[in-house]
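>>> only geometry, no sequence info:
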């Protein structure tokens, strides 16, 4: 089945809003194994909408329209679809009753004539009830093409899709199962080159790479009739990926930090800290609180995090963390020495199991002779302290700071996993 | 001029990402007085992209493609456009040099053959240099239709649009001048209701509202032959907006914190702190470093910020800021008392001119009997300390934390502006 989405609304074309419905619908349809081949956005204009409908009816089996079902003059989706299909608009009984009871408690003058339109459907359509608004949606198949009409506001569209549309669509489909592998420490084009053969030869499952800031994901996808069947196929491909060697002889497995579309290094660390009952703190210079704010992104962070320091100036590094100012001046703030003193200082002061320090050059200017992107990250635990130096080149100030936190989280993650191995 | 946008990338059609470039480009083109009539998203598929190009060349004068310029097998935008136009791909010299110097500092093996593609342009195209990445864009007019090719990642597309594309497009157009007013402390539908008459009666300039998280902007736009002429018209409308009264008798002017598309409360505060030679610190609980990280977003932040505290637990509030634990237990961490003690404690410890404190309930659970979204924000200067209570209702944990920082920045901004009045 070939699907396409049409968002109707001039406010999309003027850039006043972002078409988030397209992403939501695409994801939902992908879960049902329905491929979406086109997204279109068109304004509140009958002629242009008719031309888009004409084109979509020729190339797609499922055409989902959203937006333009409201009570204003601009709203014309249902009327235009009816015109395109050569059908009338009729009133849906349940939607009409809903309109009546909505306006029963309101001053009469607020029920304008064009409000009535919200209860109309194309003759022959199956209504899709609106659980959070007044505009009824609908689904109708004409000459082999299924047209779906949905309201524009996400708060109305999402419940209608989840509770009304998906049940209507899922009667006869295979499901697409996906597994997302998350990589840190390799760039997208590098990764794609390393697994070139697997990508070139892919059949089922398929492999799709996605670059994020500072990390890369691979989405492995397969159609199957059950999760177990899907997992068998995905396990094989995942193992092939994990055992592929990089140019310096390591296996790709070392660079995979987790699974899942909405996962992150920060979350993996949070999860592991909770799992092992450990606490973390930080002293941050260039990142200025970004690392600690990320730890606290997760409900329950107070179990693993009590507080930390933002030591932006050399003086505050000395004062807050009891590091002799003369030593900081001697070694420089952009140094292994300072990163390690900061990490240990924060750890001791808050009696945490792990202390992280981030000190370096966010840019755009150089500092102490170090180019922008040079960052020293210290990690202290109850036995030792060490530090790494990274050079995050060719990136904005904001990306340097963000990617620094990824390096820091990865250090903690690796330290926690070694903890696991030693128990 | 009739424009349309084509976003290329299967990850859009599978719902993995939201097409935010379409909104950004539409807004920018609207500023230039160029109407966008269609948005399309299509996958990394040559046949489908060719069909979309064919259709766009018939109905639009300006076709802007974004995405698919990278170094992987999936990236095929330039090749497909070249095929559609019957042209070759050639190497742009400046882009090639950039590739060379990027890889000069990296291990040889990371430069894969497919990286070279990023420096190619369609023969005859004017290159649009990529200021933050490696893939060069381009602009070419063939048979009366102008085709623009831009990279997909917003961090690369936006600078290219602002610095390369817009100058290229504005040579022969009457210019649309815009002025953006930025509001804090009022929601979009509230603001639209307050200035309803101005919006309904708008002719020239026009008014377009845009909702952001925690703030609202109004874009006032007018076509004019000079900045001076535009300013005269915009000044009149701006004054009408500023003098409109809200329901509680204040004028809208009080709610306008600044101008400009890419401005922010944080930047306004940074600017004012530098202007008056003041320093700031913070003690953060629920925001956990987000406020301080925002202060440090701007190069030169070290002039106004030396460091601060993340006091996530009650104990660390007591230890780091010298607040008696018994008092914290008595008043609760979610209180005026604690916010004020935190603000003053941080200020004194770092000898800053202003100290901010953020303490409250990010959610999703309630705390100390306070609902999620209840936040106390303290502000201390060298003479006094005070605090406000806000309830940021119906928002995610992440939004509550972010919007709290906006309230905090607004407090500092107002304090600094009073400073100005008293000098």
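Now that the structure is in, tell me what you want to look at. All values reported here derive from a predicted model rather than from experimental measurement.

>>> from the stretch 151-300 of chain A, which residue is nearest to chain B?
For the stretch 151-300 of chain A, the residue closest to chain B is residue A:289, as judged by C-beta to the nearest C-beta, at 2.4 Å. The C-beta positions use only the backbone N, C-alpha and C, and glycine is treated the same way.

>>> what about that residue, neighbour count?
30 (other C-beta atoms under 10 Å in any protein chain shown).

>>> what sits against it?
A:310, B:284, B:288, B:289, B:290, B:291, B:292, B:293, B:296, B:308, B:310 (C-beta atoms under 8 Å, 6 or more residues apart in numbering or on different chains).

>>> give me the residue ranges of the stretch 151-300 of chain A where confidence is low.
A:171-174 (pLDDT under 70).

>>> so, low pLDDT: which residues of the stretch 301-423 of chain A?
Judged by pLDDT under 70, the stretches of the stretch 301-423 of chain A that qualify are A:420-423.

>>> repeat that with 90
A:364, A:393-396, A:418-423 (pLDDT under 90).

>>> picking up where we left off before, now the residue of the stretch 151-300 of chain A closest to chain B, nearest residue through space, not along the chain?
residue B:289 (2.4 Å; C-beta to C-beta, 6 or more residues apart in numbering or on different chains).

>>> just read off the phi/psi values of the residue sitting nearest the centre point of chain A.
Residue closest to the mean C-alpha point of chain A, counted by C-alpha atoms, centre = their mean, is residue A:262 at 5.5 Å. Main-chain torsions, residue A:262, degrees, to the nearest 10: phi -110, psi 40.

>>> next, give phi and psi for the nearest residue to residue A:57 once chain neighbours are set aside.
Spatial nearest neighbour of residue A:57, chain neighbours left out: residue A:145 (5.1 Å); criterion: C-beta to C-beta, 6+ apart. Residue A:145 adopts backbone torsions of phi -110, psi 130, taken as degrees, to the nearest 10.

>>> surely residue A:145 and residue A:59 touch.
No: at 9.7 Å, residue A:145 and residue A:59 do not qualify as touching, with contact defined as C-beta atoms under 8 Å.

>>> which one of these two has more residues nearby?
residue A:145 (17 against 14).

>>> and the longest helix for chain A?
Longest helix in chain A by number of residues, with DSSP state H as the criterion: helix A:397-422.

>>> buried residues, that one. List them.
Within helix A:397-422, the residues scored as buried using 16 or more other C-beta atoms under 10 Å in any protein chain shown are A:397, A:399-413, A:415-416, A:419.

>>> and that helix with chain B, contact?
Yes: interface with chain B: helix A:397-422 contributes A:397, A:398, A:399, A:401 (C-beta under 8 Å from any C-beta of the partner chain).

>>> quickly find the element holding the nearest residue to the second one once chain neighbours are set aside.
Distances taken as C-beta to C-beta, 6+ apart put residue B:297 closest to residue A:398, at 6.8 Å, once the chain neighbours are dropped. In this structure, residue B:297 is located outside every helix and strand according to DSSP states H and E.

>>> quick one: the helices in the stretch 151-300 of chain A?
Assigned by DSSP state H, counting those that start in this stretch, the stretch 151-300 of chain A shows helices spanning A:154-160, A:166-169, A:188-194, A:196-200, A:227-242, A:265-276, A:290-295.

>>> would TSV of the ones you listed with mean neighbour count be doable?
Shown next, in TSV, are the helices of the stretch 151-300 of chain A (neighbours: other C-beta atoms under 10 Å in any protein chain shown):
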stretch	mean neighbour count
helix A:154-160	18
helix A:166-169	14
helix A:188-194	22
helix A:196-200	13
helix A:227-242	15
helix A:265-276	19
helix A:290-295	28
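
>>> what residues does the stretch 251-400 of chain A have near chain B?
A:261, A:284, A:286-293, A:295-297, A:299, A:301-302, A:305-313, A:315-317, A:320, A:350, A:362-365, A:393-394, A:396-399.

>>> list only those of these flagged as buried.
A:284, A:286-293, A:295-297, A:301, A:305-313, A:316-317, A:320, A:350, A:362-363, A:394, A:396-397, A:399.

>>> mind giving me the domain split of chain A?
Residue ranges for the domains of chain A, per the TED database: A:1-168, A:175-257, A:264-419.

>>> tell me which of the ones you listed sits most buried.
Neighbour counts (mean count of other C-beta atoms under 10 Å in any protein chain shown) averaged over each of the domains of chain A peak at domain A:264-419, with a mean of 21.

>>> ends of that domain, what's the gap?
Length of domain A:264-419, first residue to last, C-alpha to C-alpha, to the nearest Å: 20 Å.

>>> can you check stretch A:234-253 too?
First residue to last in stretch A:234-253 (C-alpha to C-alpha) measures 15 Å.

>>> separation between residue A:140 and chain B?
24 Å (C-beta to the nearest C-beta, to the nearest Å).

>>> list the strands paired with the helix or strand where that residue lies, with their directions.
Taking DSSP H and E as the criterion, residue A:140 maps to strand A:137-142. Strand pairing for strand A:137-142, using DSSP bridges, gives strand A:126-128 (antiparallel), strand A:145-150 (antiparallel).

>>> which outside residues touch the last one?
This means strand A:145-150. Defining contact as C-beta under 8 Å, 6+ apart, one finds that strand A:145-150 is touched by A:21, A:56-57, A:60-67, A:69, A:77-78, A:81, A:85, A:121-122, A:125, A:128, A:137-141, A:157, A:160-161, A:165.

>>> for the record, mean pLDDT for it?
Averaged across strand A:145-150, the pLDDT comes to 97.

>>> any idea how far it is from the chain center?
Chain-centre distance of strand A:145-150: 27 Å, with C-alpha atoms, centre = their mean, to the nearest Å.

>>> next, residue A:195: phi, psi?
Per-residue torsions, residue A:195: phi -100, psi 30 (degrees, to the nearest 10).

>>> show me what contacts it?
Taking C-beta under 8 Å, 6+ apart, one finds A:207, A:218, A:241, A:244, A:252 in contact with residue A:195.

>>> again with residue A:85
A:122, A:140, A:142, A:147.

>>> could I get the helices of the stretch 151-300 of chain A as a markdown table with distance to residue A:5?
Formatted as a markdown table, those follow (distance: least, C-beta to C-beta, whole Å):
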| stretch | distance to residue A:5 |
| --- | --- |
| helix A:154-160 | 11 |
| helix A:166-169 | 14 |
| helix A:188-194 | 27 |
| helix A:196-200 | 28 |
| helix A:227-242 | 26 |
| helix A:265-276 | 30 |
| helix A:290-295 | 34 |
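
>>> and the closest residue to residue A:244 other than its chain neighbours, how far is that from residue A:198?
Nearest non-adjacent residue to residue A:244, counting by C-beta to C-beta, 6+ apart: residue A:252, 4.9 Å away. For residue A:252, the distance to residue A:198 equals 10 Å [C-beta to C-beta, to the nearest Å].

>>> overlap of the contact sets of those two?
Shared contacts of residue A:252 and residue A:198 (C-beta under 8 Å, 6+ apart): A:241, A:244.

>>> now go through the residues of the stretch 251-400 of chain A next to chain B and say which are in strands.
Counting by DSSP state E, the part of these found in strands is A:284, A:307, A:308, A:309, A:310, A:311.

>>> list the contacts for the closest residue to the second one other than its chain neighbours?
Spelled out, that is residue A:307. Excluding the flanking residues, the one nearest residue A:307 by C-beta to C-beta, 6+ apart is residue B:316, at 3.4 Å. Taking C-beta under 8 Å, 6+ apart, we find residue B:316 in contact with A:306, A:307, A:350, B:309, B:310.

>>> in contact with residue A:9, which residues?
Contacts of residue A:9 (C-beta under 8 Å, 6+ apart): A:17, A:41, A:43, A:44, A:67, A:68, A:152.

>>> now it: phi and psi?
Torsion angles, degrees, to the nearest 10, at residue A:9: phi 160, psi 120.
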